[in-house]
Every structure is written in C-alpha cells, then in structure tokens.
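Trainee: fold the following and give me the result.
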Amino acid sequence: MPTYEYECGECGHFFEAFQNMSDAPLQDCPECGQKSLRRLIGTGAGIIFKGSGFYCTDYRSDSYNQAAKKDTAVVSTTSTKSGSSEKSDSAKKNSASSNKKSTGD
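Mentor: I've put the predicted structure just below:
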C-alpha cells in the first residue's frame, strides 16, 4: 500500500496517509475540518534490487565470481595468442612485398 501526501488548501496543513490504491482520496482536513484537501504527486519510494540475476554487479556467490574470472582469463589468453600470430604473419607478408619493390623484381 502506498503512502500519499496531502495538503489542505485552507490551513496549509501537510500530512501523509497510508492508503490502498483503490481508496478514494481524503477530503476532510484533520486540523481544520474543511473539505479542501488535495492529494499531491509524490516521488514514490526507491527500488532496491536484491538477489541474483539483475545486473552483472549484483550480489553473486563467491563460487560464481571465481568461475567467471577463470572464463575471462581463458578467453583473454586465447585471443592474445591468436592475435599475435596473425600480426606476425601479416608483418612477414608486408616485409616480403617491400623487399620485392626495393629490389625491382
């Protein structure tokens, strides 16, 4: 059940009321008794996410974090090895073609 904020148009009394969403807005001011209450637009409550599965920075177990670190290490090692061999192959091709150009072949 949400908390609604009310303000009296006559006396300026401000208060909060805990009501069901289906309840009708209050009309009588508890201070002056006039029927000049208006329900204000509230900011609402903050949302707190707890548990697993919301974000990657969520509250994960230690075993999950350790497995994730191992997976990341394996992927980075594999990509580094394949990337270095590709660079060396292309470097060899470039040096061979530049040698042919310089000798005039």
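
Trainee: so what's residue 8 up against?
Mentor: Going by C-beta atoms under 8 Å, 6 or more residues apart in numbering, residue 8 touches 14, 29, 31-32, 34, 36-37. C-betas here are computed from N, CA, C, even on glycine.

Trainee: nearest to residue 67 among these?
Mentor: residue 14 (52.9 Å; C-beta to C-beta).

Trainee: residues near that closest one, how many?
Mentor: Using other C-beta atoms under 10 Å, residue 14 is surrounded by 11 other residues.

Trainee: repeat for the one 3 residues further on
Mentor: Other residues within reach of residue 17 by the criterion other C-beta under 10 Å amount to 15.

Trainee: can I assume it sits in a strand?
Mentor: Yes: per DSSP: H, G, I helix; E, B strand; the rest coil, residue 17 lies within a strand segment.

Trainee: tell me the predicted confidence for it.
Mentor: As predicted, residue 17 sits at a pLDDT of 90.

Trainee: am I right that it is in contact with residue 27?
Mentor: No: here residue 17 does not reach residue 27: they are 11.6 Å apart, not a contact under C-beta atoms under 8 Å.

Trainee: about what we covered before: now which of the contacts of residue 8 would you call buried?
Mentor: Neighbour counting over these (16 or more other C-beta atoms under 10 Å) leaves 29, 37 as the buried ones.
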